[in-house]
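Q: Could you look at this predicted model? Sequence included:
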Amino acid sequence: MALSLEAFLERLDAYCSRIPLEELADLLGQLQVELADLGGAVAFDPGGYRRNLIRHGPAYEALVLCWRSGQRSTIHDHRGSSCGVRVLAGTATETTYRRQPGAGVLPVRVLNRRTGTICATQDEDIHEMSNLAADGRDLVTLHVYSPPLRTMGVYSRSDANVVYVENPHHPPELRL
Ligand SMILES: [Fe+2]
């Protein structure tokens, strides 16, 4: 069944506790959305990928992330949260890592996620998302975190240190 953006968000609003990852991925797959539906949530920052909160409910936050060519996330985990992503425009490169005792994280898989693709990660999964497309090719992704990802572990390729990072405080939601 196809879900409009509003119907999709209403389905998320109905959850009171963590949304199981499979259900989140299934809902993201049913979503029918165009960039034009996202209005001011499609907004970029030349200094780094930009996170635009569109809605939160008792169990989740939904954000539109906007990436210029060359912008990338940290290498991070998803401790305590289900995290579903749908690529809305462009191609997301997702690099998955694993920990090594006493050393930096090791890349184990690189996938190019085209428009329409769903990615699902949670808890101890470690990955990095990037827009590695040619100059001028933007990437827009929709992320749902349940519960909201307040603290994440950030990893290094060069040493075993893990840094715990608070996610930046969100501006008021755009309420599309
Ligand atoms: Fe992630």
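A: Yes, it's here.

Q: Distance check, the spatially most central residue of the chain against R98.
A: Nearest residue to the geometric centre of the chain (Cα atoms, centre = their mean): H143, 3.9 Å. Taking Cβ to Cβ, to the nearest Å as the measure, H143 and R98 are separated by 22 Å. (C-beta placed from N, C-alpha, C; glycine too.)

Q: Quickly note the distance from the residue lying farthest from the centre of the chain to I118.
A: Each residue of the chain has a distance to the centre, and by Cα atoms, centre = their mean the biggest one is for G102: 28.2 Å. Distance of G102 to I118, computed by Cβ to Cβ: 35 Å.

Q: G39 now?
A: 23 Å.

Q: And the strands in this structure?
A: Ranges of strands within the chain are 50-57, 60-67, 75-89, 92-100, 103-113, 118-130, 139-146, 151-155, 163-166, based on DSSP state E.

Q: Surely V33 touches L142?
A: Yes: between V33 and L142 a contact is recorded at 7.4 Å, counting by Cβ atoms under 8 Å.

Q: Identify the contacts common to those two.
A: L88 (Cβ atoms under 8 Å, 6 or more residues apart in numbering).

Q: out of those two, which sits in the more crowded spot?
A: Shown here are V33 and L142; by other Cβ atoms under 10 Å, L142 has more neighbours (22 against 19).

Q: measure the nearest residue to that one once chain neighbours are set aside to T151 for me?
A: Leaving aside its sequence neighbours, L142 sits nearest to R86 (Cβ to Cβ, 6 or more residues apart in numbering; 4.8 Å). Using Cβ to Cβ, R86 is found at 24 Å from T151.
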